[in-house]
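Trainee: Pasting the sequence and the predicted model now:
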Amino acid sequence: MTVTLEKSVQDFISTPRQLFIGGQWVDAASGRTFATPNPATGDTLAHIAEADREDVDRAVRAARAAFEEGPWSRMTASERGRIIWRIGDLIEQYGDELAQLESLDNGKPYAVARAADIPLAAELFRYMAGWATKIEGNTISLSVPYMPGSEFHAYTLREPIGVVAQIIPWNFPLLMAAWKLGPALTTGNTVILKPAEQTPLSALRLAEIMAEAGLPDGVVNVLPGYGETAGAALAAHDGVDKVAFTGSTEVGKLIVQAAAGNLKKVSLELGGKSPNVVFDDVDPALAIPGAANAIFFNHGQCCVAGSRLFVHESRFDEVVGGVADIARGIKLGSGLDPETQMGPLVSDEQFRRVTGYLESGRAEGARTVAGGQRHGDRGYFVQPTVITDTTPDMSIVREEIFGPVVVASPFSSLDELAAQANDTAYGLGAGIWTRDVNKAHALAKRLRAGTVWINCYNVFDAALPFGGYKQSGWGREMGHEVLEAYTEVKAVCTQLHP
Ligand code: NDP
């Protein structure tokens, strides 16, 4: 038994999909298309127009016109907020369809997309809709030392940055689009969104939904295509005022270089190698499934996956054994099979990358206690894997694997643990499992990470800021912190001559 595809989904994938520029569906200027595969089988799922430099130019022009001249720039904040709220409502209304597209394109279980990705995306738009009417500046008292006796009226305005390019990955395709679009729109910017080549479908359906919600033409343009062509052209484009990127740290550095041409603003949400710490006083019934969920959720294809598990030496065998038992019991299969708990990795490239790390771990002498192999002989399935007996210099300990693979090591003291946990180029997330509030908060303070979860993991909310220390990124997504990444501050100073 599998989930029966809605007719609208069948129609959506059976028709070649076009680019969305200036409110119109158009072919790529080159006429080229690319195929997006179904990761559960490797077969072609749909054909998509492939954007390149010329399409980027057209989309930037459309976004600029919508920013400078369109109804968007004249709308009240309240009207803007209402459209953004309606986008959230429509995502909820089309939730089954969107979850099916997401499962087909990315491989994740339909039930997970339906319970997590879709409602989180809807809520993100609703949370950001509320901010539209609350973007405020300050009034400021001046004491200019070289103008004694002068009086001033000074204030700040928070204004949109302008035309924003947003380049997103494939692990949560719709949700990453929502994280990026919500704050850009509520602050009045216009956008060119480039979804990942592996998962363009839900972003294209979202373009239809945004038009249905009343978003004026040109405010959001959607350009599927390749990173090295369309993505690079967007990051370098002189007509783009800001680029927001989520993906690998390696490409994040390329974005920074490309942005230097016109010094466009940059925000980055990059990789991670997050520590998840289990102390000796834990309830194993919470900590063991918690540690398994931290790494295996979304097949480990999470920037914030708890991929380095540190367990107090007195509980190491029990906790790691428990996580390994869960790993062995996870049912792999097509995302559309209701029994499936873990789907395939997103692509052949990702499959080869993850299995390459499994090989390198074995070659370097690490011990695989669960999984470690491909699952089946079709599609991109990898067994949930638990590895021990590692050393801090191994590539499986240092590098982001982005698959269902956790490396576990024991610790004895808090000082030793804090040093090991922070011994990484990344600083995105961390988990702590303990009944002792003193230990929990003392360690939370010492960890160099943008999010610390205590006795939970992978808890996301539109109100909770998310982003990285160190090489995990620049700036924050979500919460009110993200609004700073999409606004310029203008200081206005008037001398009063009464
Ligand atoms: P990338 O960083 O290559 O892809 C992310 C996005 O950037 C995609 O839209 C991609 O386009 C685009 N892109 C790629 N190259 C450029 C470029 N030169 N200029 C502008 N945009 C570009 O990630 P991958 O998909 O290759 O995954 C590789 C690794 O990245 C993973 O194994 C994982 O470690 C990490 N990653 C981290 C994510 C996170 O959430 N922080 C998400 C995804 C990956 P396209 O895909 O169309 O080529």
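Mentor: Happy to help now that I have it. Numbers count the residues shown, from 1 in each chain.
Trainee: make it CA atoms for all contacts and neighbour counts henceforth
Mentor: Fine.
Trainee: Next one, pLDDT for the spatially closest residue to Arg446 that is not a sequence neighbour please.
Mentor: Spatial nearest neighbour of Arg446, excluding adjacent residues (C-alpha to C-alpha, 6 or more residues apart in numbering): Ala418 at 6.8 Å. For Ala418, the pLDDT comes out at 98.
Trainee: what sits against Ala418?
Mentor: Residues in contact with Ala418 (C-alpha atoms under 8 Å, 6 or more residues apart in numbering) are 443, 446-447.
Trainee: quick one, helices of the stretch 201-350 of the chain?
Mentor: 201-212, 232-236, 249-259, 284-296, 316-329, 348-363 (DSSP state H, counting those that start in this stretch).
Trainee: Tell me the helices and strands packed up against the shortest one.
Mentor: If I follow you right, that is helix 232-236. helix 53-68, helix 249-259 (3 or more C-alpha pairs under 8 Å, 6 or more residues apart in numbering; DSSP states H and E).
Trainee: do the longest one as well
Mentor: In this structure, helix 348-363 packs against helix 395-398, with contacts taken as 3+ C-alpha pairs under 8 Å, 6+ apart.
Trainee: List the buried residues in the helix it packs on.
Mentor: Going by neighbour count (16 or more other C-alpha atoms under 10 Å), the buried part of helix 395-398 is 396-398.
Trainee: Let me know whether it sits next to the ligand.
Mentor: No. Contact of helix 395-398 with the ligand (C-alpha under 6 Å from any ligand atom) is absent, the minimum separation being 11.6 Å.
Trainee: I'd like the numbering to begin with 39 instead of 1 from here.
Mentor: New numbering, starting at 39: the last item is helix 433-436.
Trainee: separation between Ala523 and the ligand?
Mentor: Remark: distance between Ala523 and the ligand (C-alpha to the nearest ligand atom, to the nearest Å) = 17 Å.
Trainee: Hmm, Trp512 and that residue touching each other?
Mentor: No. Using C-alpha atoms under 8 Å, Ala523 is not in contact with Trp512, being 9.5 Å away.
Trainee: want to throw the buried residues of helix 433-436 into a markdown table with pLDDT?
Mentor: Shown next, in a markdown table, are the buried residues of helix 433-436 (pLDDT from 0 to 100):
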| residue | pLDDT |
| --- | --- |
| Ile434 | 98 |
| Val435 | 98 |
| Arg436 | 98 |
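Trainee: can you list contacts of the one helix or strand Ala480 maps to?
Mentor: Element membership for Ala480 (DSSP states H and E) is helix 475-484. With contact meaning C-alpha under 8 Å, 6+ apart, helix 475-484 is reached by 452, 456, 470-472, 490, 492.
Trainee: how much space between Phe504 and Ser510?
Mentor: Noted for Phe504: a distance of 11 Å to Ser510, by C-alpha to C-alpha, to the nearest Å.
Trainee: Neighbour count for the two, which is higher?
Mentor: Between Phe504 and Ser510, Ser510 has the larger neighbour count (other C-alpha atoms under 10 Å), namely 28 against 22.
Trainee: Next up, phi/psi of that one, please.
Mentor: phi -90, psi 0 (degrees, to the nearest 10).
Trainee: Contact partners for Val444?
Mentor: Counting by C-alpha under 8 Å, 6+ apart, Val444 touches 333, 344-347, 423-425.
Trainee: Was I right to think Gly441 contacts Phe335?
Mentor: No. The criterion here is C-alpha under 8 Å, and Gly441 misses it with Phe335 at 9.7 Å.
Trainee: Tell me the residues of the chain that contact the ligand?
Mentor: 205-209, 233-235, 263-266, 269-270, 273, 284-286, 289, 292-293, 307-309, 340-341, 438-440.
Trainee: So which of these are in strands?
Mentor: Those of the residues of the chain next to the ligand mapping onto strands are 205, 284, 307, per DSSP state E.
Trainee: And those, which of them are buried?
Mentor: Counted by 16+ other C-alpha under 10 Å, these give 205, 284, 307 as buried.
Trainee: got CSV for these, with pLDDT too?
Mentor: Shown next, in CSV, are those (pLDDT from 0 to 100):
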residue, pLDDT
Ile205, 99
Thr284, 98
Glu307, 98
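Trainee: Just send those residues back as TSV, with distance to Val357 too.
Mentor: Below are those laid out as TSV (distance: C-alpha to C-alpha, whole Å):
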residue	distance to Val357
Ile205	38
Thr284	33
Glu307	31
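Trainee: distance of Phe449 from the ligand?
Mentor: Phe449 is 26 Å from the ligand, where distance means C-alpha to the nearest ligand atom.
Trainee: burial measure for that residue, as a count.
Mentor: Here the number of neighbours of Phe449 (other C-alpha under 10 Å) works out to 20.
Trainee: tell me the pLDDT at it?
Mentor: Per-residue confidence (pLDDT) for Phe449: 98.
Trainee: what do you get for Met39?
Mentor: pLDDT, Met39: 69.
Trainee: so where do the strands sit in the stretch 39-188 of the chain?
Mentor: 57-59, 62-64, 71-75, 82-87, 177-178 (DSSP state E, counting those that start in this stretch).
Trainee: wait, what's in contact with Ala353?
Mentor: Not quite, residue 353 is Arg, not Ala. 317-318.
Trainee: On the pLDDT front, check Thr171 for me.
Mentor: Per-residue pLDDT puts Thr171 at 98.
Trainee: Over to Pro536?
Mentor: pLDDT recorded at Pro536 is 88.
Trainee: since we're on it, how many residues are nearby?
Mentor: As a measure of burial, Pro536 has 4 neighbours, counting by other C-alpha under 10 Å.
Trainee: Tell me the spacing between it and Ala167.
Mentor: From Pro536 across to Ala167, the span is 41 Å (C-alpha to C-alpha).
Trainee: Provide a list of residues in contact with the spatially most central residue of the chain.
Mentor: Centroid-nearest residue in the chain: Met214, 4.5 Å away (criterion: C-alpha atoms, centre = their mean). Counting by C-alpha under 8 Å, 6+ apart, Met214 makes contact with 206-207.
Trainee: Thanks a lot, see you next time.
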